[in-house]
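Novice: Show me the folded form of this:
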Amino acid sequence: MAMSGRADLHTHTTASDGLHRPADNVARAKANGLAAVAITDHDTIDGIAEALEAGERLGVTVVPGVEISTVAEGIDVHVLGYYMDWNDAGWRTKLNRLLTLREQRNELIIGKLAELGLPVSWDEVEAEAKAHGKDGGSMGRPHIAAVLVKKGYVGTMQEAFDRYLGQDGAAYANPPRLHPFEALAWIREAGGTSVIAHPGLYHNDALVEAIIAQGAQGIEVFHPDHDAAAEARYLAMAERHGLIATGGSDFHGERQGVVFHGEIGSRTVDVSVLERLNPAGRRNG
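Specialist: Here you go, the predicted structure:
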């Protein structure tokens, strides 16, 4: 493992709602001077194998990961997992359950959009995803948002989320889902390390503290949606609780000239953090 350089520990690919293939993310990390990059797709590990191969070829350390979607107190909370035994059949079965829940949520959103006079078909969503290189894994709200833009219902992706798909949007849906505490247990049972993703987006530090008390091992301090004050607050929280302080771009790709959330390498941590994330020393998770 490279022991010097920077690591971006939060990126998405076409395996979930990113616009670039896993190998492309690795190449982008290489081009941006990174020593390591994590693949953390939503509720799926389908992009890891391709990324690992690219990492071997390009000389970039690839961190196998996942971003698990959970809900607590009516708030969408994401929990990052790193270095799980990702080839384990039991782990894959659990993630498949989450994909089923994502599909249910997407169906509810499409139903609400129809009630609002904004008909969108699942075939249109799939076609839009495939047009951007997606060939498997999980579908997400960005794919629905892209169809809303394409059909002229909204002008931008951001408007789609603000008006319809975000937590305060008219078509938002949030069926019963995994609780963050359960996600921590899943990651622990799979031999991985759990990290609370972008805590500043939840606007509920009491909930963040509760998840920490339940056994979260790290917290994502550095994120494009955290300002300097938030980064300082969560870094202090990490130090207070002895947590691993991580960071990443949450890269999804570029739509309409806007990079969501940040470019690969825009938020990083020292690559030495990988030693704490991977205490078992697994080479490929």
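Novice: can you tell me which residues contact the nearest residue to R6 once chain neighbours are set aside?
Specialist: Nearest non-adjacent residue to R6, counting by CB to CB, 6 or more residues apart in numbering: T268, 4.0 Å away. Just so you know, the C-beta spots here come from the backbone N, C-alpha and C atoms, and that holds for glycine as well. T268 makes contacts with R6, A7, D8, L9, L34, F222, G247, G248, S249, as judged by CB atoms under 8 Å, 6 or more residues apart in numbering.
Novice: Check R105 too.
Specialist: Contacts of R105 (CB under 8 Å, 6+ apart): A173, N174, P175, R177.
Novice: which regions of the stretch 151-285 of the chain sit below the pLDDT cut-off?
Specialist: For the stretch 151-285 of the chain, residues meeting the criterion pLDDT under 70 lie at 255-260, 281-285.
Novice: Look at S121 and say how many residues are nearby.
Specialist: Counted with other CB atoms under 10 Å, residues neighbouring S121 total 11.
Novice: how about it, phi and psi?
Specialist: phi -100, psi 160 (degrees, to the nearest 10).
Novice: who's in contact with it?
Specialist: Here S121 is in contact with I110 (criterion: CB under 8 Å, 6+ apart).
Novice: any idea how far the residue most central in space within the chain is from G59?
Specialist: The residue lying closest to the centre of the chain (CA atoms, centre = their mean) is E67, at 4.3 Å. Distance of E67 to G59, given as CB to CB, to the nearest Å: 25 Å.
Novice: what does G166 give?
Specialist: In terms of CB to CB, G166 sits 39 Å off from G59.
Novice: So which of these two has more stuff around it?
Specialist: Neighbour totals were compared for G166 and G59, and G166 leads with 16 against 10 (other CB under 10 Å).
Novice: And for the residue nearest to that one when sequence neighbours are not counted, the neighbour number?
Specialist: Excluding the flanking residues, the one nearest G166 by CB to CB, 6+ apart is Y172, at 6.5 Å. Neighbourhood size, Y172 [other CB under 10 Å]: 17.
Novice: Show the contacting residues for Y172.
Specialist: Contacts for Y172 (CB under 8 Å, 6+ apart) come out as I109, K112, Y164, L165, G166.
Novice: Just send those residues back as CSV, with distance to A38 and secondary structure too.
Specialist: Shown next, in CSV, are these (distance: CB to CB, whole Å; DSSP: H, G, I helix; E, B strand; the rest coil):
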residue, distance to A38, secondary structure
I109, 28, helix
K112, 33, helix
Y164, 30, helix
L165, 25, helix
G166, 25, coil
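Novice: Please produce TSV containing the residues you listed, extended by distance to I212.
Specialist: Formatted as TSV, the contacts of Y172 follow (distance: CB to CB, whole Å):
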residue	distance to I212
I109	31
K112	34
Y164	33
L165	29
G166	26
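Novice: Please state the offset of the one helix or strand K30 maps to from the chain centre?
Specialist: Assigned by DSSP states H and E, K30 falls within helix 22-31. Distance of helix 22-31 from the chain centroid (CA atoms, centre = their mean, to the nearest Å) equals 17 Å.
Novice: Out of the contacts of R105, who's the most crowded?
Specialist: Within the contacts of R105, R177 tops the neighbour count with 20 neighbours, counted by other CB under 10 Å.
Novice: so which strand or helix has the nearest residue to that one once chain neighbours are set aside?
Specialist: The shortest distance from R177 to any non-neighbouring residue, by CB to CB, 6+ apart, is to V71 (4.6 Å). Per DSSP H and E, V71 falls inside strand 61-72.
Novice: how far off helix 22-31 does that strand point, in degrees?
Specialist: Angle of strand 61-72 versus helix 22-31, following axes from the mean of the first three to the mean of the last three CA atoms, to 10 degrees, is 120 degrees.
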